[in-house]
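Engineer: Okay, sequence plus prediction incoming.
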Amino acid sequence: MKKITNFNIDLKDLSTVTSVRNFTITGEKDAEFMLQLYNSSGQFYNFNTESFAAGFNTENNLTVKMEGETYIGSVVFPANVNADTFSFLLLATPDKNTELQLGSGKNTHIKSILREANQALTFTPVSTSNSTFYQTFASTGAESESETESPSLPVLATEVIDWDFKNSTADSKGYGLRLIRQPIDTDWFFEKNLAILSNPAGDAVSNNVVTVASLTDIVVCMELIYHKGTTAPSATTVISNIDTSEKRITFSTNVAFEDGETMKFRAKGSDLISEAIGANIDFSHWREDVISATSAELTKTVRETGTNTVIALNNTHGISGGDHVIFKGLNVVNTSTNTIVSVVEDIGGGGENGTITARVNQTAALTVGTKLYFDGSSASIAVKNKILIYSRPSAERIIYLELDNFITPGAAS
C-alpha cells in the first residue's frame, strides 16, 4: 500500500485581495490522490481555469499519480470583500493501492483557510458634554473618516484627518470656541458598552466588583464613564483586574452597581486601544508640540463710535467673554492686557445690539467701520493631522476624538 504522508499549505487567514497559495503533498512514488477545493458559498475550484464556480465537474478534481516523493501545486484565491471558508479535501484512492497517513482517516483529510471580510475602522469627532455649542459636524466638513480593509492585509495605511469645527449660531451658544491646547494621543478613545449581570454585594449596593456575560474588548485600565445610563461614578474609576474564568471585573473604587444596567467604558490612547481591539494605530503625530488644531482668524467691525470700555460691533459670533480674549485694531488702547470682560450677544448682527466690554478704557474714538482682530476664541477651529494604521481590528470599530479635552466653548463672561 502506497502512503501519502504530508499535506502542507499556509493556513493563515486570507485577505480580500487576490492571492496565491502554494501547497506540497509528500508521499511515496506511484501513490495516487485526488484533491478538491470548495468554499462555504457552495462553489468548487476549477484547477484548469483557476476559478471558483457553482456546480461540480471533473475539472474540480486534481488527480495526481506521484512521480516522485513530492508534488508541488498552487491555487489562486480571487479578490472578494466577503468572509468565506475554503476547504481542501484530500482523497486517497484505495483502488489504486494508496492510503493517507495524515491523522485518523486513511482515505480523507481536510484543511481549511478563512478569509475575513473587510472591516471599517472609523475615526469620528465627538463632544460628550458640549455638542450643542457646535454646528452639525457632517455639514461643516467634520464628518467621520473611515478606512475599510481586510484585517489580514498587512499594509500600512495613512488616514488624513481634516476637520473644521464651527461654533453654533444658536442663541447663548455662539460665544466662540476656545482652543485650550493641541490634541494628543489620549484624546482618542474606543468606547464599549457592557451590561451588568450581577453585583455580588447586592443590587445597587456599593461595591467594586461586577459579573458580566462577555469581556470582549474589555481590558485593565479602561475607565468607567457611566455605571448606568448616563450616571457617572462620583470619582474616577478604572478597571483594576479582570477574572476571565468568572467573567468578573474589579474596579479601583466602589460604585452602586445595579443588576441589568449598562456600563460604558473608554480605552484612551493608542496603547490601551490596541489592547482592547487588537489594532495597532499610531497617534504619535498627535502631541502638544505638533500643530494639529488652529483657530480661524476672527475679525469684526465697529458698529457705533464709542470711547469707553463698551464697544458696539457688527456682530459678536465667535467672541468669548471671561477675560480669555484679547483684541487689536486701529486706535485700540492696549496700555495693559486688553481682554474682553463680557459680551452682549448678537450672533448675526440683525439685532444691532451686540457689544463687548473691554478691560481697558478706549480713550481714543474707535470710529464706525474700524476692523478689530480677536485672539483667544474663534467661530471655527480646524483639526488636521494624520493617523498611521499598522494593523486592523477583526471587526468593525469606531475610534473617537474627544473635543472637550482641548476645545472649550466660550461664554458671555
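Structural biologist: Yes, it's here. Numbers count the residues shown, from 1 in each chain.
Engineer: neighbours around F23, how many?
Structural biologist: Neighbours of F23 under the rule other C-beta atoms under 10 Å: 18. Where C-beta positions appear, they are placed from N, C-alpha and C, glycine not excepted.
Engineer: Touching the helix or strand harbouring it from outside, list them.
Structural biologist: Assessed by DSSP states H and E, F23 sits inside strand 19-27. For strand 19-27, the external contacting residues (C-beta atoms under 8 Å, 6 or more residues apart in numbering) are 2-10, 33, 35, 64, 66, 69-77, 88, 90, 98, 113.
Engineer: And the buried ones among the residues you listed, selectable in ChimeraX?
Structural biologist: Isolation of the buried members of the contacts of strand 19-27 (16 or more other C-beta atoms under 10 Å) is achieved in ChimeraX through the command below:
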select :2,3,4,7,33,35,64,66,71,75,77,88,90,98,113
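Engineer: Tell me which of the contacts of strand 19-27 fall in strands.
Structural biologist: 2-9, 33, 35, 64, 70-77, 88, 90, 98, 113 (DSSP state E).
Engineer: Without its sequence neighbours, what residue ends up closest to L272?
Structural biologist: The shortest distance from L272 to any non-neighbouring residue, by C-beta to C-beta, 6 or more residues apart in numbering, is to C221 (5.8 Å).
Engineer: so who does the residue nearest to D203 when sequence neighbours are not counted touch?
Structural biologist: Spatial nearest neighbour of D203, chain neighbours left out: D259 (4.6 Å); criterion: C-beta to C-beta, 6+ apart. Counting by C-beta under 8 Å, 6+ apart, D259 makes contact with I196, L197, S198, N199, D203.
Engineer: Just those: which are in strands?
Structural biologist: Counting by DSSP E, the contacts of D259 place I196, L197, S198 in strands.
Engineer: Quick one: buried ones out of those?
Structural biologist: For the ones in strands among the contacts of D259, buried by 16+ other C-beta under 10 Å: I196, S198.
Engineer: any idea how far T124 is from the residue nearest to R181 when sequence neighbours are not counted?
Structural biologist: The spatial neighbour of R181 that comes closest, neighbours along the chain excluded (C-beta to C-beta, 6+ apart), is F406 at 5.1 Å. Relative to T124, F406 is positioned 16 Å away (C-beta to C-beta, to the nearest Å).
Engineer: Which of the two has more residues huddled nearby?
Structural biologist: With neighbours defined as other C-beta under 10 Å, F406 and T124 compare such that F406 has more, 20 against 15.
Engineer: surely that one meets Q182?
Structural biologist: Yes - applying C-beta atoms under 8 Å, one finds F406 in contact with Q182, separated by 6.7 Å.
Engineer: Can you pull the domain assignment for this protein?
Structural biologist: Following automatic domain parsing, the chain resolves into domains at 2-115, 119-184+286-293+380-409, 189-278, 297-375.
Engineer: which stretch in the ones you listed has the least confidence?
Structural biologist: Ranked by mean pLDDT, these bottom out at domain 119-184+286-293+380-409, with a mean of 87.
Engineer: measure that one end to end?
Structural biologist: The first and last residues of domain 119-184+286-293+380-409 sit 35 Å apart, counting by C-alpha to C-alpha, to the nearest Å.
Engineer: Likewise for stretch 172-187?
Structural biologist: End-to-end span of stretch 172-187 (C-alpha to C-alpha): 27 Å.
Engineer: picking up where we left off before, only the buried residues of the strand holding F23, if you could.
Structural biologist: S19, R21, F23, I25, T26, G27.
Engineer: relative to strand 70-77, how tilted is it?
Structural biologist: Interaxial angle of strand 19-27 relative to strand 70-77 (axes from the mean of the first three to the mean of the last three C-alpha atoms, to 10 degrees): 160 degrees.
Engineer: Paired strands for strand 19-27, with orientation please.
Structural biologist: Here strand 19-27 has these sheet partners by DSSP bridges: strand 2-9 (antiparallel), strand 70-77 (antiparallel).
Engineer: Mind listing residues that contact the host helix or strand of L224?
Structural biologist: Counting by DSSP H and E, the secondary-structure element that holds L224 is strand 223-226. If you take C-beta under 8 Å, 6+ apart as the criterion, strand 223-226 is touched by 191, 232-233, 236-239, 251, 255, 262-266, 268.
Engineer: Can you tell me which of the residues you listed are buried?
Structural biologist: E191, P233, T237, V238, I239, F251, V255, M263, K264, F265, R266, K268.
Engineer: What is the helix or strand that contains K111 packed up against?
Structural biologist: Under the criterion of DSSP H and E, K111 resides in strand 108-115. Judged by 3 or more C-beta pairs under 8 Å, 6 or more residues apart in numbering; DSSP states H and E, strand 108-115 is in contact with strand 2-9, strand 84-92.
Engineer: Just the C-alpha atoms of the first one, please, in PDB.
Structural biologist: The C-alpha atoms that make up strand 2-9 are tabulated as PDB, following Å, rounded to 0.1, in the frame of the first residue of the first chain:
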ATOM      1  CA  LYS A   2       1.400   3.400  -1.100                       C
ATOM      2  CA  LYS A   3       1.400   6.200   1.500                       C
ATOM      3  CA  ILE A   4       0.600   9.900   1.400                       C
ATOM      4  CA  THR A   5       2.400  11.300   4.500                       C
ATOM      5  CA  ASN A   6       2.100  15.000   4.400                       C
ATOM      6  CA  PHE A   7      -0.100  17.800   3.000                       C
ATOM      7  CA  ASN A   8       1.400  21.300   3.600                       C
ATOM      8  CA  ILE A   9      -0.200  24.700   2.900                       C
END
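Engineer: okay, the angle between that strand and strand 84-92?
Structural biologist: 160 degrees.
Engineer: I appreciate the help and will end here.
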